[in-house]
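Colleague: give the three-dimensional model of this entry:
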Amino acid sequence: MLKQEIAEGIILYMFDPRPDRHYGYNITALIDGAQAILIDTAFEEHAQQVVEDLAECGIRIEGVILTHFHDDHMYGLKVLPEVPVYGSAHYQTTLDMWTEPKEHPYFTPDIVFEHSLQITFGRHELTLMSFPGHAHCSSLIMINEQFVHIGDELMFSNDGQPILPSVDYNQYVRRHRDSLAKLRDYSHCTLIPSHGTVISGQQRIDRDIANRIAYFDAILGSSTEISYEEATQQCDCMFLHQEWHKNAYRF
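Modeller: Residues are numbered from 1 along each chain as shown. Here you go, the predicted model:
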């Protein structure tokens with residue numbers, strides 16, 4: 001586990017990838033005095049380490065915000081204290097797709113928002129925004145008008161290498177592409193992903209977004225299935241997890 005203070009009262013916990021993967025897992029803690037709100041919880045083993053680290057510092061967890069309802073973002077809830085959970089009002093769609101019904105009670109949010117929700121947590125001013133893209137229930141979290149937690153809209157390795165956009169099925173390519181176009185509105189902020197390093201600098205962020213849009217545009221612009229190499233001809237980077245490209249053609 002790597003613990004990084006991004007700014008006063010904002011801590012990023014980064015965990016290593018599993019052996020067969022290039023992406024790690026992040027949990028962000030917003031601290032105010034002896035209280036914390038977490039953004040995402042990763043898996044149980046990751047959340048447990050964060051619980052223990054915060055407890056050693058005399059900090060208790062008072063709430064959790066989920067960027068979306070995939071297992072690697074919410075399973076840590078199982079080892080956390082019972083606290084309010086915030087999430088998109090569209091959470092059920094994702095739970096129904098990927099999570100066994102008997103597991104749903106662990107992950108059902110207490111406080112939902114259809115479009116946006118503003119929260120004041122001590123020194124932190126948060127805006128939770130519905131942002132369908134990587135998932136139907138994806139959300140962005142604006143933090144103090146300076147940082148934006150972006151979930152999986154952009155993914156990186158822990159050393160900053162770009163990871164191919166993750167889509168589950170062909171029908172979601174357009175949705176993710178459009179979310180990236182909207183993400184340009186926040187490229188002046190520092191972006192906190194759920195996988196990989198914090199990124200900042202408008203020119204760098206715009207390039208990262210443009211590369212992924214170029215990838216999706218190549219897929220959407222072809223009437224036949226194209227290869228990863230063909231889809232990335234207009235990109236100026238090499239993506240990790242190129243094998244995910246096949247998912248863009250899964251029905």
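Colleague: just give the nearest non-adjacent residue to the residue nearest the centre of the chain, would you?
Modeller: Centroid-nearest residue in the chain: Gly151, 1.4 Å away (criterion: Cα atoms, centre = their mean). Closest residue to Gly151 apart from its sequence neighbours, by Cβ to Cβ, 6 or more residues apart in numbering: Thr67 at 3.2 Å. C-betas here are computed from N, CA, C, even on glycine.
Colleague: re earlier: ok, the residue nearest to the centre of the chain touching Ile192?
Modeller: No - using Cβ atoms under 8 Å, Gly151 makes no contact with Ile192, being 9.3 Å away.
Colleague: Arg184 contacts Ile209, doesn't it?
Modeller: Yes - Arg184 lies in contact with Ile209 (Cβ under 8 Å); the separation is 5.8 Å.
Colleague: which of those two has more neighbours?
Modeller: Ile209 (20 against 14; other Cβ atoms under 10 Å).
Colleague: quick one, phi/psi of the more buried one?
Modeller: phi -70, psi -50 (degrees, to the nearest 10).
Colleague: now swap in the one 10 residues further on and tell me
Modeller: Backbone torsions of Ile219, given as degrees, to the nearest 10, read phi -70, psi -50.
Colleague: neighbours of it, how many?
Modeller: For Ile219, using other Cβ under 10 Å, the count is 19.
Colleague: before we move on, back to that, need the pLDDT of the residue nearest to Gly151.
Modeller: Among the per-residue scores, Thr67 holds a pLDDT of 98.
Colleague: tell me who's in contact with it.
Modeller: Shown in contact with Thr67 (Cβ atoms under 8 Å, 6 or more residues apart in numbering): 39-40, 73, 138-141, 149-152, 194.
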